[in-house]
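Engineer: Return a 3D structure for these sequence lines:
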Amino acid sequence: MSQRRGRRAAPDIWPGFVDVISSLLILILFLLMIFVLAQFFMGQALSGREAALERLGRQVDELAQLLSIERKANADLRLNLSQMSTELANANVKAEKYQGMSEEAERLTADIAALQALKQELEAKIKRMDAALGEKDSALAAERRLSEEARAQAALLNQQLAALRAEMARLNAALESSEKLAEEQKIQIANLGQRLNQALASKVAELARYRSEFFGRLRAILGNRADIRIQGDRFVFQSEVLFEQASAELGEPGRRQLDRLAKTLIEISGEIPKDIDWVLRVDGHTDKLPIANQQFRSNWELSAARAISVVRFLIDAGVPANRLVAAGFGEYQPLDPGKGAEALRRNRRIEFKLTER
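Structural biologist: Prediction:
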């Protein structure tokens with residue numbers, strides 16, 4: 001009797017085991033379906049976040065419908081399993097009638113062991129799928145966060161763009177105002193320039209009048225000499241009138257001529273209005289024959305030294321120093337480009353020019 005009860009105990013777990021296996025199979029199929037759909041929708045989510053989220057919402061609704069269908073199928077399977085359990089019970093009854101068949105019992109034992117191994121394998125797969133679904137859920141949550149951050153950044157950019165447009169409008173208004181002001185200033189500057197040119201022309205004309213008077217008086221004082229002449233707006237002394245050859249020391253005849261020039265300049269300067277800023281420029285020129293001695297290493301130094309000697313004499317004669325300018329041009333501003341003695345003589349000269357500062 002005890003052996004008979006031991007034999008009955010083994011088949012009693014079969015209905016529950018089949019029920020578990022069926023539930024596991026349904027769950028595995030459901031999870032596989034969810035996994036495939038999740039992979040599909042995750043790929044769509046990566047290509048377009050917001051569109052993928054909307055599609056994911058629709059797919060979730062579809063999955064809910066599928067889940068309801070699967071639940072209905074599970075109920076059907078449970079019914080089938082119940083029927084199978086009834087049949088198994090009937091089989092157990094029949095098995096009791098064939099207790100003597102040991103080979104059948106051993107085969108059933110082997111099947112039970114195989115089913116237990118399959119159960120363990122399915123449980124391991126379910127755990128792995130749960131872990132994979134957890135990772136997918138985390139990825140989906142991260143995508144949702146990224147989508148929310150993108151929306152927030154888009155809103156911030158829209159605000160910044162609106163502020164930038166307002167600033168551009170303000171700058172355009174300021175630019176238009178500045179352009180208008182600049183146009184008015186241009187008109188004012190043009191008017192000022194015109195008035196300044198008129199004033200300068202008036203001062204130049206007035207200075208030209210005093211220059212003509214100065215040169216006229218000098219001509220009357222010095223007489224019509226070949227070595228003292230007027231060249232354009234300049235009064236020209238040949239160097240031989242004032243200096244010895246290769247020297248910057250004024251000779252006595254030159255001092256007498258310069259003394260007359262200084263007196264005339266002092267008289268004229270008293271008549272020139274104070275608002276005319278005039279100077280008498282003394283320009284020294286030489287010929288192109290080279291010079292090299294202990295005192296002067298070049299014609300340029302000789303011409304500058306002669307101009308400075310004349311300026312010093314005029315200052316000693318009473319001409320204000322701030323009205324005098326000394327300049328040396330060497331042989332680089334010839335009156336006559338020729339090479340003859342007369343051309344060289346004409347190029348050795350001291351020029352006086354009454355001009356603006």
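
Engineer: drop to CA atoms for contacts and neighbour counts, all remaining ones
Structural biologist: Fine.

Engineer: Do a quick rundown of the helices in the stretch 151-300 of the chain.
Structural biologist: Secondary structure of the stretch 151-300 of the chain, counting by DSSP state H, counting those that start in this stretch: helices at 239-242, 252-271, 299-316.

Engineer: how big is the angle separating the second one from helix 299-316?
Structural biologist: For the pair helix 252-271 and helix 299-316, the angle between their directions (axes from the mean of the first three to the mean of the last three Cα atoms, to 10 degrees) equals 60 degrees.

Engineer: Pull out the buried positions in helix 252-271.
Structural biologist: Going by neighbour count (16 or more other Cα atoms under 10 Å), the buried part of helix 252-271 is 254-255, 257-259, 261-266, 269.

Engineer: buried ones in the strand or helix carrying Gln39?
Structural biologist: Gln39 is part of helix 14-47, with elements assigned from DSSP states H and E. The neighbour-count check on helix 14-47 (16+ other Cα under 10 Å) flags 15, 18-19, 21-28, 30-31, 34-35, 37-38, 41-42, 44-45 as buried.

Engineer: which among the buried residues of helix 252-271 gets closest to Ala169?
Structural biologist: Distance to Ala169, by Cα to Cα, is smallest for Ser269 among those, at 61.5 Å.

Engineer: neighbours of Lys125, just the number please.
Structural biologist: Using other Cα atoms under 10 Å, Lys125 has 13 other residues around it.

Engineer: Walk me through the domains of this protein.
Structural biologist: Following automatic domain parsing, one gets these domains for the chain: 2-163, 224-356.

Engineer: Just name the most buried of those domains.
Structural biologist: domain 224-356 (a mean of 17; mean count of other Cα atoms under 10 Å).

Engineer: Least confident of the helices of the stretch 151-300 of the chain, on average?
Structural biologist: Note on the helices of the stretch 151-300 of the chain: lowest mean pLDDT is at helix 252-271, with a mean of 88.

Engineer: Packing partners of it?
Structural biologist: Judged by 3 or more Cα pairs under 8 Å, 6 or more residues apart in numbering; DSSP states H and E, helix 252-271 is in contact with helix 102-222, helix 239-242, helix 299-316.

Engineer: what mean pLDDT would you report for stretch 176-185?
Structural biologist: Mean per-residue pLDDT for stretch 176-185: 77.

Engineer: just how off-centre is the helix holding Gln39 within its chain?
Structural biologist: Chain-centre distance of helix 14-47: 57 Å, with Cα atoms, centre = their mean, to the nearest Å.
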